[in-house]
Every structure is written in C-alpha cells, then in structure tokens.
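A.B. asks: what's the 3D shape of this:
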Amino acid sequence: MKKTNRKVRSGKVTSNKMHKTIVVQVEESAQHPKYKKIIKRFNKFKVHDEKNIANIGDLVLIEECRPLSKDKRFRLREIIKKNDSTS
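C.D. replies: Here you go, the predicted structure:
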C-alpha cells in the first residue's frame with residue numbers, strides 16, 4: 001500500500017449554510033519579496049463536513065482528498081476549537 005502526503009491546513013469556518021459543506025478561510029503569512037514586510041493572504045476552501053458538526057467561527061483542521069464535487073477538494077479532519085459566543 002502506497003502512502004500519500006496530503007496537505008493539512010487549519011482555518012476558521014466562515015459559512016455553514018450548505019448541506020454537508022462548510023467554507024473555511026485559511027490565513028497565510030508571507031514576506032513581500034521587494035519590501036520585506038510581512039503580509040497576510042487568505043484563501044477560502046469548500047470543505048466536506050459529513051455530519052454537519054462545524055459552526056461559524058470554529059477553528060478546524062482540514063485535509064486534502066479526491067475531488068468530491070466541482071469545488072470541494074478538502075475534507076473536515078477535526079474541530080480544534082469550538083466558537084464560544086452564543087447568538
């Protein structure tokens with residue numbers, strides 16, 4: 001059996017309006033090549049959430065998987081921290 005290295009990222013849930021799908025915003029810090037200032041970059045990924053357990057504001061760990069739909073390429077691995085605010 002061949003083991004593959006899958007990309008694992010952590011981010012914050014920004015939307016859970018879709019059935020079995022969440023949108024996760026991943027923050028990346030990088031240094032500007034010319035000005036040497038640290039800048040933040042954000043990417044949004046659609047993530048498969050089989051049990052609909054993630055809520056907006058949760059910090060989650062996602063991992064790369066086979067294409068599940070047109071946009072979904074990641075699967076929810078675990079919830080690192082639940083959002084404490086009650087609304």
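A.B. asks: Need the phi and psi values for the spatially most central residue of the chain.
C.D. replies: Residue closest to the mean C-alpha point of the chain, counted by Cα atoms, centre = their mean, is residue 24 at 3.8 Å. Here is the backbone geometry of residue 24 (degrees, to the nearest 10): phi -120, psi 130.
A.B. asks: who does it bridge with?
C.D. replies: Note on residue 24: beta-bridge partners residue 13, residue 45, judged by DSSP bridges.
A.B. asks: what about it, distance to residue 65?
C.D. replies: Distance from residue 24 to residue 65, counting by Cβ to Cβ, to the nearest Å: 14 Å. Bear in mind the C-beta positions are built from the backbone N, C-alpha and C, glycine included.
A.B. asks: shared neighbours of those two, anything?
C.D. replies: Residues touching both residue 24 and residue 65 comprise residue 74, with contact defined as Cβ atoms under 8 Å, 6 or more residues apart in numbering.
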